[in-house]
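Peer 1: output the structure for:
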Amino acid sequence: MEDNEQTSKRPSSGTTSVDLENLLEERARLEELINKKFTRVITVMFTDFKGSTALAESEGDMATRLLIKKHHDILFPIIRENRGTLVKTMGDGTMSWFEKAQDAVRTGVGFQSSLKEFNRVRTGKIPIVVRVGLNTGSGIVETTDIFGDVVNVAARFESIAAPREIYISESTFHALDDRDEFRCRFIKTTELKGKTGLYKVFKVYWDPDEAMEAPAQPATEPSENAGKAADTGTAPAQAPAASPRRPGVPPYGRPGAGTGMPSMLRNPFMARSTAQPKKPLGGGGQQEREAIGRAAREIRSLVVREGDAHKLLGEGFRVLDDIVVEPGGLLVVENAQLFFAENAGIISSGTFRAKGSLFTAIDPVSGWRNVTLDSRDDRVNPIENCTFRFGKGRAPGNMPALADPGHHRLNDTYLYGGGLLVRGGTEKSQSIRDCVFLRCSAHEGGGIFLLGTTAAVTGCTFENCSARVSGGGVFCIGASPMMQRCNFIGCSADKGGGGAGCRSSKATFDGCTFEKCQTRHIHGGGLHIVESSPSVTECRFLRCSAGRLGGGIYADEESVPRIVKTTFTDCVPGSSNVPLG
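Peer 2: Predicted coordinates for the structure are as follows:
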């Protein structure tokens, strides 16, 4: 009887199975509810006050505690103002989270900027120096704490940052709603303590006085060709991964290249060349031929993508294809010599900065394309103390497409901007200063072609530049550039504007000199004006000539130029066909 009672109390196998299934269903339902209520995508920020130990030793515990309080007094309001939540303080560090990555990065920038101002007035004492790390991802958010791998990665990014730096993860960078608000660049790929795999590190340059650096390592995994480069002893530089072309942007290849992928994406390396450089066919001189021979670094292709930076510094480079800077990318050329192949140049829709550098051709007879700046934002693109030689201009098919060309549509058969082409931008964002343009040529704008821009061109010299149509030195269309103290020497054009030409423009020529400039067949040896109203002030026209009218200046009937305090010396035939003020 006793055995029968025990048997009756033992649950059957069928009942156990049903209970387990119910429990599993209940568990799944609870996990779903927990995830829905507590899990969300957040951006986590860690800060760490560096040097507090040294501060305690030098100024005492109480002074250190007061300074940490000041640290909190500065940071906490900034977190609240940007809709963040302070989770905890950890001695001299903090952890907080934000719904939006934009607010989190704005908090980090505001904090570092406020600390800089605080330290500025706290002279003679140890400053508050902080490092900041941020990461975006899914996390569990409770009332008083947050959990998840998003927290661990944010802490690692803070730990690898240097004092005064802000490091953000790739996920945070891509989560930003408006990247133009911050100066942010990819700088390296690294391992994180306790984590597997590699992580991309982006740095936020919060201090306007800080120069933006080039990445120390490739932004992506090496491509298939990287191994080949290693086998041949070449040294790959930054090699961004190929990505599909953005809609509306044509390939940057040669005319008629079709709609395929740009050639620079097929072999994105900069490597040391083992081939002998092509000997110039003339015009470069022995010294330049020797310089090309010393230019051992070879750039077969280079694409600087959004968020990346690249520097060409202090040596010679042989460039065999277009260097492309995409929107959001940065290219810096400083104290370098760039020798371009015939179908090579630089085309930038991002940020381009050059100083003290030479841009010239491997073969002066064949020439090279040019530097094309297609401004998409207000970021500064200064070009200072550079020399452009033997450029031949760029065809419209080799440029990013105009969103609205309007009446400024370009001729598909022409080459524009022998040395430099500037499209869009203002005098603040596009600045060309103290540069030399020598023996550059194009159909329009032998030295510089300016389209829809108010760029500032100051102290530049255009010598022996030529145009097969108009604007031997400079040509403006739909533009209002400020040309100050520029010299046009021996420049020429076949149809108009041996020195400079304007169409539908309001250019300003202030203190410029036009010397021995000529138009071979039609009008305006020095300056040719069509449907424009430029201002010409305190300029000099010396021994300029035209085939028909206006050895110095020619303006058509649709133009209203303003010419003030300008002199003409030995210009033929006639100095100007417009009244002088």
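Peer 1: end-to-end on stretch 413-425?
Peer 2: 25 Å (Cα to Cα, to the nearest Å).
Peer 1: contact partners for residue 450?
Peer 2: Counting by Cβ atoms under 8 Å, 6 or more residues apart in numbering, residue 450 touches 422, 474-477, 479, 481, 507. All C-beta spots, glycine's among them, are computed from the backbone N, C-alpha and C.
Peer 1: for stretch 129-143, give the mean pLDDT please.
Peer 2: Mean pLDDT, stretch 129-143: 92.
Peer 1: can you map out the strands along the stretch 251-400 of the chain?
Peer 2: With DSSP state E, counting those that start in this stretch as the criterion, the stretch 251-400 of the chain has strands at 270-272, 297-299, 302-304, 309-313, 316-319, 323-325, 330-334, 337-340, 346-348, 351-355, 358-361, 371-374, 381-384, 387-389.
Peer 1: will you turn these into CSV that also has mean neighbour count, mean pLDDT and distance to residue 29?
Peer 2: Below are the strands of the stretch 251-400 of the chain laid out as CSV (neighbours: other Cβ atoms under 10 Å; pLDDT from 0 to 100; distance: least, Cβ to Cβ, whole Å):
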stretch, mean neighbour count, mean pLDDT, distance to residue 29
strand 270-272, 18, 34, 56
strand 297-299, 21, 85, 59
strand 302-304, 24, 91, 50
strand 309-313, 20, 89, 49
strand 316-319, 22, 90, 62
strand 323-325, 26, 94, 53
strand 330-334, 22, 93, 51
strand 337-340, 26, 94, 65
strand 346-348, 24, 95, 55
strand 351-355, 23, 94, 52
strand 358-361, 26, 95, 67
strand 371-374, 26, 94, 55
strand 381-384, 20, 93, 58
strand 387-389, 23, 96, 70
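Peer 1: could these be laid out in a markdown table, adding distance to residue 455?
Peer 2: Listed next are the strands of the stretch 251-400 of the chain as a markdown table, based on distance: least, Cβ to Cβ, whole Å:
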| stretch | distance to residue 455 |
| --- | --- |
| strand 270-272 | 29 |
| strand 297-299 | 26 |
| strand 302-304 | 22 |
| strand 309-313 | 23 |
| strand 316-319 | 24 |
| strand 323-325 | 17 |
| strand 330-334 | 18 |
| strand 337-340 | 21 |
| strand 346-348 | 14 |
| strand 351-355 | 13 |
| strand 358-361 | 17 |
| strand 371-374 | 9 |
| strand 381-384 | 9 |
| strand 387-389 | 15 |
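Peer 1: what's near enough to touch residue 74?
Peer 2: With the criterion set at Cβ under 8 Å, 6+ apart, residue 74 makes contact with 111, 114-115, 118.
Peer 1: how many neighbours does the nearest residue to residue 530 once chain neighbours are set aside have?
Peer 2: Take residue 530 and drop its neighbours on the chain: the residue closest to it by Cβ to Cβ, 6 or more residues apart in numbering is residue 503, 4.6 Å away. Each residue near residue 503 was counted by other Cβ atoms under 10 Å, and the total is 22.
Peer 1: does residue 503 touch residue 476 like I think?
Peer 2: Yes: here residue 503 reaches residue 476: they are 7.1 Å apart, a contact under Cβ atoms under 8 Å.
Peer 1: most neighbours, which of the contacts of residue 450?
Peer 2: residue 474 (35 neighbours).
Peer 1: hmm, it is touching residue 501, no?
Peer 2: Yes: the pair residue 474 / residue 501 is scored as a contact, 7.5 Å apart, by Cβ under 8 Å.
Peer 1: give me the common contacts of those two.
Peer 2: Joint contacts of residue 474 and residue 501 (Cβ under 8 Å, 6+ apart) are residue 445.
Peer 1: on that earlier part again, and of the strands of the stretch 251-400 of the chain, who's closest to residue 128?
Peer 2: Nearest to residue 128, of all these, is strand 309-313, at 28.5 Å by Cβ to Cβ.
Peer 1: helices or strands up against that closest one?
Peer 2: Contact here means 3 or more Cβ pairs under 8 Å, 6 or more residues apart in numbering; DSSP states H and E; on that basis strand 309-313 packs against strand 184-190, strand 330-334.
Peer 1: for the residue nearest to residue 530, name its beta-bridge partners.
Peer 2: Applying DSSP bridges to residue 503 gives these bridge partners: residue 477, residue 530.
Peer 1: what backbone torsions are found at residue 497?
Peer 2: Main-chain dihedrals, residue 497, degrees, to the nearest 10: phi 70, psi 70.
Peer 1: how close does it sit to residue 469?
Peer 2: Residue 497 sits 9 Å away from residue 469, taking Cβ to Cβ, to the nearest Å as the criterion.
Peer 1: who's more crowded, those two?
Peer 2: residue 497 (40 against 21).
Peer 1: and the more buried one, what does it touch?
Peer 2: Contact analysis of residue 497 by Cβ under 8 Å, 6+ apart lists 467, 470-472, 475, 519, 524, 526-528.
Peer 1: ok, now residue 522?
Peer 2: Counted by Cβ under 8 Å, 6+ apart, residue 522 has contacts 495-496, 546-548.
Peer 1: how far away is it from residue 549?
Peer 2: 8 Å.
Peer 1: for residue 489, same thing?
Peer 2: From residue 489 over to residue 549 (counting by Cβ to Cβ), the distance is 22 Å.
Peer 1: looking at the contacts of residue 497, which is nearest residue 210?
Peer 2: Distances from residue 210 to those, taken by Cβ to Cβ, are shortest for residue 475, at 37.2 Å.
Peer 1: for that closest one, which non-adjacent residue is spatially closest?
Peer 2: According to Cβ to Cβ, 6+ apart, the nearest residue to residue 475 is residue 445 (3.7 Å).
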